[in-house]
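Enquirer: Following is a predicted model, sequence given first.
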Amino acid sequence: NAGVTQTPKFRVLKTGQSMTLLCAQDMNHEYMYWYRQDPGMGLRLIHYSVGEGTTAKGEVPDGYNVSRLKKQNFLLGLESAAPSQTSVYFCASSLQGYSYEQYFGPGTRLTVT
Amino acid sequence: SQQGEEDPQALSIQEGENATMNCSYKTSINNLQWYRQNSGRGLVHLILIRSNEREKHSGRLRVTLDTSKKSSSLLITASRAADTASYFCATGSFSGGTSYGKLTFGQGTILTVHP
């Protein structure tokens, strides 16, 4: 099993550009999450999904959109990138919700100039 | 502020020593989880302790939970250089109106184990 994979691993964007981060999991997990990690801030939840076709806002959703058309994939989109979105982005999945351990991907380091 | 706050922010020890990290939180929880993050990598789940449990062991890891003090500790015994990483606590609690509930991460403790 590959677990949770993320593409790309690194990306540099100019302000105003758009991009999509792809997360895939092969564990048949219902729940998937997108976090961002910034120095001194811990992990903050951007959006999450409780099943195929569902999405919901997390703690810091502004400037991001998500889609979960297939159970194994969770996409994070930035429509118009801003320097404040420079961060490391992690995708995670879990069998169910907050009572279960989360499995994390390796992360995507995004720089917006 | 974050629900889970780790203490200390950084810890430096010699190989073979024990490492203790603490986590405090503010509101009632369903469970508390500990994760490890090696530099440049994703988080890896270490252990989950439920609110009705007081202590849990996994290999060289020992986690305690004191719900009356709203605190938890992670003890790593006989540390190794390979234990060098950041350690995060995450509190899981039910958030009314959502099926997901909430898992909130603290800012982490950076552990350095010197050979």
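Expert: Structure received.
Enquirer: What residues does chain B have near chain A?
Expert: B:2, B:30-31, B:33, B:35, B:40-45, B:48, B:50, B:88, B:92-94, B:98-103, B:105-108 (Cβ under 8 Å from any Cβ of the partner chain). (Each C-beta comes from the backbone N, C-alpha and C, glycine too.)
Enquirer: Please pick the buried ones from those residues.
Expert: Neighbour-count burial (16 or more other Cβ atoms under 10 Å in any protein chain shown) applied to the residues of chain B next to chain A gives B:2, B:30-31, B:33, B:35, B:42-43, B:45, B:48, B:88, B:92-94, B:100-103, B:105-108.
Enquirer: Out of the residues you listed, which sit inside strands?
Expert: Of these, the ones assigned to strands by DSSP state E are B:31, B:33, B:35, B:43, B:45, B:48, B:88, B:92-93, B:102-103, B:105.
Enquirer: Return the distance of B:Ala81 relative to chain A.
Expert: Distance, B:Ala81 to chain A, using Cβ to the nearest Cβ, to the nearest Å: 22 Å.
Enquirer: Pull the number of nearby residues for the closest residue to that residue other than its chain neighbours.
Expert: The spatially closest residue to B:Ala81, leaving aside those adjacent along the chain, is B:Pro115, at 4.7 Å (Cβ to Cβ, 6 or more residues apart in numbering or on different chains). By the measure other Cβ atoms under 10 Å in any protein chain shown, the count of residues near B:Pro115 is 9.
Enquirer: what residue ranges in chain B are flagged as low confidence?
Expert: Residue ranges of chain B with pLDDT under 70: B:1-3, B:95-100.
Enquirer: repeat that with 90
Expert: B:1-6, B:27-28, B:40, B:92-104 (pLDDT under 90).
Enquirer: and if you look at chain A?
Expert: Within chain A, the segments meeting pLDDT under 90 span A:1-2, A:39-42, A:96-100.
Enquirer: Could you pull up phi and psi at residue 28?
Expert: Here I'm looking at chain A. A:Asn28 adopts backbone torsions of phi 60, psi 30, taken as degrees, to the nearest 10.
Enquirer: Would you confirm that it contacts A:Lys71?
Expert: Yes: counting by Cβ atoms under 8 Å, A:Asn28 touches A:Lys71, with 7.3 Å between them.
Enquirer: OK, contacts around residue 43?
Expert: Just so you know, I chose chain A. Residues in contact with A:Leu43 (Cβ atoms under 8 Å, 6 or more residues apart in numbering or on different chains) are A:35-37, A:90, B:43, B:88, B:105.
Enquirer: switch to chain B, that's the one I care about
Expert: By Cβ under 8 Å, 6+ apart, the contact list for B:Leu43 reads A:43, A:90, A:92, A:102, A:104, B:35-37, B:88.
Enquirer: Could you do A:Leu13 as well?
Expert: Contacts here follow Cβ under 8 Å, 6+ apart; on that basis A:Leu13 touches A:19, A:78, A:81, A:110-113.
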